[in-house]
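Engineer: Everything below, folded, please.
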Amino acid sequence: MLYGCPPPELLLSAPGLMWHHLPNSGIEPYGDLSLYANRAVTLTNARGVYGKAIAEHVLGMALALLRQFPYYIRQQSGGGFTRHPEMRELSGSTVLVCGMGDLGKSVAAIFGKVGCTVLGVRRLVHEVPPGFADVYSLRSLPAALPRADVVVSCLPDTPATRGVFNAASFSLMKPSALFINVGRGSAVVEADLVDALTREVVTAAALDVFAEEPLPSGHPFRQLDNILLTPHSSSASPETADRSFSLFFDLLTRYISGRRLYNTVDFFAGY
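Structural biologist: You can find the predicted model right below:
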């Protein structure tokens, strides 16, 4: 058994490895079967641990942008005392949640509680689950984007999701729309987002994940006023740490007793 995120090359020297548990939800770069000396290894992750904290972070980001908190914080340090001319309410908005795993469902629930209509996007559409008014397939994302006031990416890093938010996607959003990413940075073509924000194709963005982390000091995102950046910190809280350890010890108890493990990762789907 292996716990944590070791150097990938270590996996190649562990032929007896039967179970590898990751204390996070994303599996990159450990989802490649060729990394494992034992191809029958079971990979589990921390799915279900971080949804509450990240959902609250997303809600906070949306409210901060709609209520112009970044503007007031800058004004606070600069000595000004004027109202921003464009302040909006979140209640009554349509929120598009892209990625409907545990994280996406947690995000949908918290927006539903403040009076939003929530739409979803997932790889394949089977049914419309509770908390969602409608669901689109990932291929139908272009049809969903024009409906949304807030677009939230909770997408994992898979070949199908890389670069799905690009110039074409941003052009389909409402000019007043907010774009929020707490999934993976690989889902966004960052140069296209910089251009969309600069030209106000979309009004503002909030990002917690990036193509390169830590975000370089000279990155164009840092030069924009209509963006809110956090350092991949949306999952941070003492409660998530407690849930993470509780999850692992429950899985360990199951493993020792020969019971079936849950939170297993589908290597081929990538999550």
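
Engineer: Run through the strands of the stretch 151-271 of the chain in chain order.
Structural biologist: 178-181, 204-207, 227-229 (DSSP state E, counting those that start in this stretch).

Engineer: so what are the domain limits for this protein?
Structural biologist: What automatic domain parsing lists as the domains of the chain is 2-48+238-256, 51-229.

Engineer: In TSV: these, plus mean neighbour count.
Structural biologist: Where you see a C-beta, it was placed from the backbone N, CA and C, and this is true even at glycine. Putting the domains of the chain into TSV (neighbours: other C-beta atoms under 10 Å) gives the following:
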stretch	mean neighbour count
domain 2-48+238-256	15
domain 51-229	18
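
Engineer: Same list, those domains, but as TSV with mean pLDDT and distance to residue 264 please.
Structural biologist: Converted to TSV, the domains of the chain look like this (pLDDT from 0 to 100; distance: least, C-beta to C-beta, whole Å):
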stretch	mean pLDDT	distance to residue 264
domain 2-48+238-256	92	6
domain 51-229	97	14
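
Engineer: Adding distance to residue 270 as columns, could you present those domains in TSV?
Structural biologist: Shown next, in TSV, are the domains of the chain (distance: least, C-beta to C-beta, whole Å):
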stretch	distance to residue 270
domain 2-48+238-256	6
domain 51-229	4
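
Engineer: To residue 266, which of these lies closest?
Structural biologist: domain 2-48+238-256 (8.9 Å; C-beta to C-beta).

Engineer: Need the distance between the two termini of that closest one.
Structural biologist: In domain 2-48+238-256, first residue to last residue: 13 Å (C-alpha to C-alpha, to the nearest Å).

Engineer: Could you find the closest non-adjacent residue to residue 50?
Structural biologist: residue 235 (4.0 Å; C-beta to C-beta, 6 or more residues apart in numbering).

Engineer: List the residues that contact the one you found.
Structural biologist: 49-50, 53-54, 57 (C-beta atoms under 8 Å, 6 or more residues apart in numbering).

Engineer: Which of these fall in helices?
Structural biologist: Secondary structure assignment by DSSP state H places 53-54, 57 of these in helices.

Engineer: wait, residue 234 sits on residue 52?
Structural biologist: No: at 10.8 Å, residue 234 does not count as touching residue 52 under the criterion of C-beta atoms under 8 Å.

Engineer: need the longest helix for the chain.
Structural biologist: Under DSSP H, the chain gives helix 238-256 as its longest helix.

Engineer: mind listing the helices for the protein?
Structural biologist: Under DSSP H, the chain gives helices at 8-11, 51-66, 69-78, 102-113, 141-144, 167-172, 190-198, 238-256.

Engineer: Measure how far the longest one is from the centre of its chain, please.
Structural biologist: For helix 238-256, the distance between its averaged C-alpha position and the chain's averaged C-alpha position is 22 Å (C-alpha atoms, centre = their mean, to the nearest Å).

Engineer: Many thanks, have a good one.
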